[in-house]
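**Student:** got a sequence here, can you build the structure:
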Amino acid sequence: MPHHALAVHGEADAALGARLAALRTELELPAEFPAEVLAEAQAAAAVVPSQAATDPDREDLTAVPFVTVDPAGSTDLDQALHLEEAGAGRLTVRYAIADVPAFVTPEGAVDAEARRRGQTVYLPDGRVPLHPAVLSEDAASLLPGQDRPAFVWTFTLAEDGTVTDTALSRARVRSRLQLAYPEVQAFLDDDADPAAADWPAEVRASLALLPEVGARRTAQEAARGGASLSMPDQEIAVVDGRYRITRRVPLPAEDHNAQLSLMTGMAAAEIMLEAGVGILRTMPAPDRDAVDAFRARTRALGLPWEPGTDYGAYLRSVDPADPRGLAVMHAATSLFRGAGYTAFDARAEDPALRTPPEDPEQAALAAPYAHATAPLRRLVDRFVLALCHAHVTDAEAPEWARAALPELPALMADSGRRASAADRAAEELVEAAVLAEHVGAVLAGSAVRSTERGTDVQLTEPPVALRVPGRAEPGTDVSVRIEAVDVASGTVTASGVDWPDSSR
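**Tutor:** Down below sits the predicted model:
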């Protein structure tokens, strides 16, 4: 699995730290939580877990050996899973989601601050969290060995991956282990992996089924014409006080786990559509011109999307570790545009909200979909969970959730813009700092996209993406000279070496 990393050293490292600190102010990202928000969060953290422990309406699932599987070092643990065989080729999937609504008083201080933030924003020098750490990293987080309130989704999967039964309950759960994707993948690659020797037998049995669940759900994705765009990840982190940038292809375990989240989001969407109240994550289908342009691009790259092959099946056949495959993936992003949130409520005063969207599908998934699995890190999920639980228990939808529906799409769109801007700016700053030590050097890479503004190039080492003036054929190997770097602004000046259409 391609995996490259390089650290930032010396003066560039110091300059980068200062610029990242200033970035928060420039992007108007919230700083510390107000005192009243912290006080309310601390009060909830002190009371809610004990209330949940004695709540007779909560199902006691603490005997189920749930585990969490996340990127290494995560502390805001939204989800825990448990898988088991159910006979006759069926599988039972339990997916526990942190019960954030239990900790947040509607229209209280924490709620108001969460609406202002919208989502957790991740930066190399630390995240800007949606909720105070006493909740997101402690009392509400599904930490191992701790009883926690949770929403538990229970699915029965048939052999072909269809969901034949869905249940949702509020429960008490206790995760057995906090695992990271690399150690889970090592176990799946070799179930005799010594690192897993101390895991409880029931945990190993559960995780051993993860590839089967992932495969069944991927088969269902293919059957409905859905697609997943599995782009290589570019990750920035601080290790031993130094900034590092890493580019890697996601592990199979990550893709399998992602299918659990997608399955849950699709179930949540169907429940809300049936109830006539909710908020969906929507994306329009690409128009014919965009599809034709992408198809032409794949032919030019030598990886043609042949007629008769469905879009999702084609993308699943592409290897993003190959330069041409990476160029195809970049081109495919042109079809994944226009995602947003659409709220609806049959009882709304506004006529525009009274009916669900005419086309409720998220086009890439080829199914209705909602965000429901990350309530510690994303505002909208808290409302989705509360609305779904109310419907499956034949209760009235909470008025606090209904009242928020008209404003949620705009709140999420605004926070999404801030998060995207922070991500882009941080990447540019770190990449510039990495390249500061290579001024004058000629580096190898692959052209992934060419436009009137230049060619986007993915360098091999260091694993940095940059735009170079001139045109190079996407999918081809190229050489790039680093002419100048300004770490303070994140600006890199580069030129193509021996490109037929390069300029300096």
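
**Student:** next, the closest residue in space to residue 19 that isn't next to it in sequence: phi, psi?
**Tutor:** With C-beta to C-beta, 6 or more residues apart in numbering as the measure, residue 429 is the residue that lies nearest to residue 19, at 5.3 Å, once sequence neighbours are left out. Quick note: C-beta positions are derived from backbone N, CA and C, even for glycine. Here is the backbone geometry of residue 429 (degrees, to the nearest 10): phi -70, psi -50.

**Student:** how about the one 3 residues further on?
**Tutor:** Backbone torsions of residue 432, given as degrees, to the nearest 10, read phi -60, psi -40.

**Student:** and it, how many neighbours?
**Tutor:** Burial measure for residue 432: 24 neighbouring residues, criterion other C-beta atoms under 10 Å.

**Student:** what about it, distance to residue 485?
**Tutor:** From residue 432 over to residue 485 the distance is 5 Å, taken as C-beta to C-beta, to the nearest Å.

**Student:** report pLDDT for residue 18.
**Tutor:** With respect to pLDDT, residue 18 scores 79.

**Student:** what about it, neighbour count?
**Tutor:** When neighbours are counted by other C-beta under 10 Å, residue 18 registers 11.

**Student:** quick one on the thing from earlier: hey, what's in contact with both of residue 432 and residue 485?
**Tutor:** Overlap between the neighbourhoods of residue 432 and residue 485 consists of 491, 492, taking contacts as C-beta atoms under 8 Å, 6 or more residues apart in numbering.

**Student:** what's near enough to touch the residue lying closest to residue 113 once chain neighbours are set aside?
**Tutor:** Excluding the flanking residues, the one nearest residue 113 by C-beta to C-beta, 6+ apart is residue 37, at 4.6 Å. With contacts defined as C-beta under 8 Å, 6+ apart, residue 37 is in contact with 109, 110, 112, 113, 132.

**Student:** endpoints of stretch 66-83, how far apart?
**Tutor:** Between the start and the finish of stretch 66-83 there is a gap of 9 Å, counting by C-alpha to C-alpha, to the nearest Å.

**Student:** which positions in it come out as buried?
**Tutor:** Buried positions in stretch 66-83, judged by neighbour count with 16 or more other C-beta atoms under 10 Å: 66-70, 76-83.

**Student:** export the longest strand along the chain as PDB, just CAs?
**Tutor:** Criterion DSSP state E: the longest strand present in the chain is strand 163-180. The C-alpha atoms that make up strand 163-180 are tabulated as PDB, following Å, rounded to 0.1, in the frame of the first residue of the first chain:
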ATOM      1  CA  VAL A 163     -31.200  -5.300   4.800                       C
ATOM      2  CA  THR A 164     -34.100  -7.500   5.800                       C
ATOM      3  CA  ASP A 165     -34.700  -5.900   9.200                       C
ATOM      4  CA  THR A 166     -33.800  -2.700  10.900                       C
ATOM      5  CA  ALA A 167     -34.200  -1.700  14.600                       C
ATOM      6  CA  LEU A 168     -33.200   1.400  16.500                       C
ATOM      7  CA  SER A 169     -33.200   1.800  20.300                       C
ATOM      8  CA  ARG A 170     -31.700   3.900  23.000                       C
ATOM      9  CA  ALA A 171     -29.400   1.800  25.000                       C
ATOM     10  CA  ARG A 172     -26.500   1.500  27.400                       C
ATOM     11  CA  VAL A 173     -23.300   0.200  25.800                       C
ATOM     12  CA  ARG A 174     -19.700  -0.600  26.800                       C
ATOM     13  CA  SER A 175     -17.000  -0.700  24.200                       C
ATOM     14  CA  ARG A 176     -14.400  -3.400  24.900                       C
ATOM     15  CA  LEU A 177     -11.500  -1.900  22.900                       C
ATOM     16  CA  GLN A 178     -10.500   1.200  21.100                       C
ATOM     17  CA  LEU A 179      -8.800   0.100  17.900                       C
ATOM     18  CA  ALA A 180      -7.200   1.900  15.000                       C
END
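
**Student:** so what touches the helix or strand that comes right after that strand?
**Tutor:** Along the chain past strand 163-180, the next helix or strand (assigned with DSSP states H and E) turns out to be helix 181-189. Residues outside helix 181-189 that contact it (C-beta under 8 Å, 6+ apart): 69-72, 193, 195-196, 199, 204, 207-208, 210-211, 251-254, 257.

**Student:** run the last query once more with 6 Å
**Tutor:** The set of residues external to helix 181-189 that reach it, using C-beta atoms under 6 Å, 6 or more residues apart in numbering, is 69, 193, 195, 196, 251, 253, 254.

**Student:** out of those residues, which is nearest to residue 32?
**Tutor:** Within those, the smallest distance to residue 32 is 30.9 Å, found for residue 69 (C-beta to C-beta).

**Student:** quick one: the closest one and residue 30, what's the gap?
**Tutor:** With distances defined as C-beta to C-beta, the gap from residue 69 to residue 30 amounts to 29 Å.

**Student:** where does residue 280 land in three-state SS?
**Tutor:** Remark: residue 280 carries the secondary structure label strand [criterion: DSSP: H, G, I helix; E, B strand; the rest coil].
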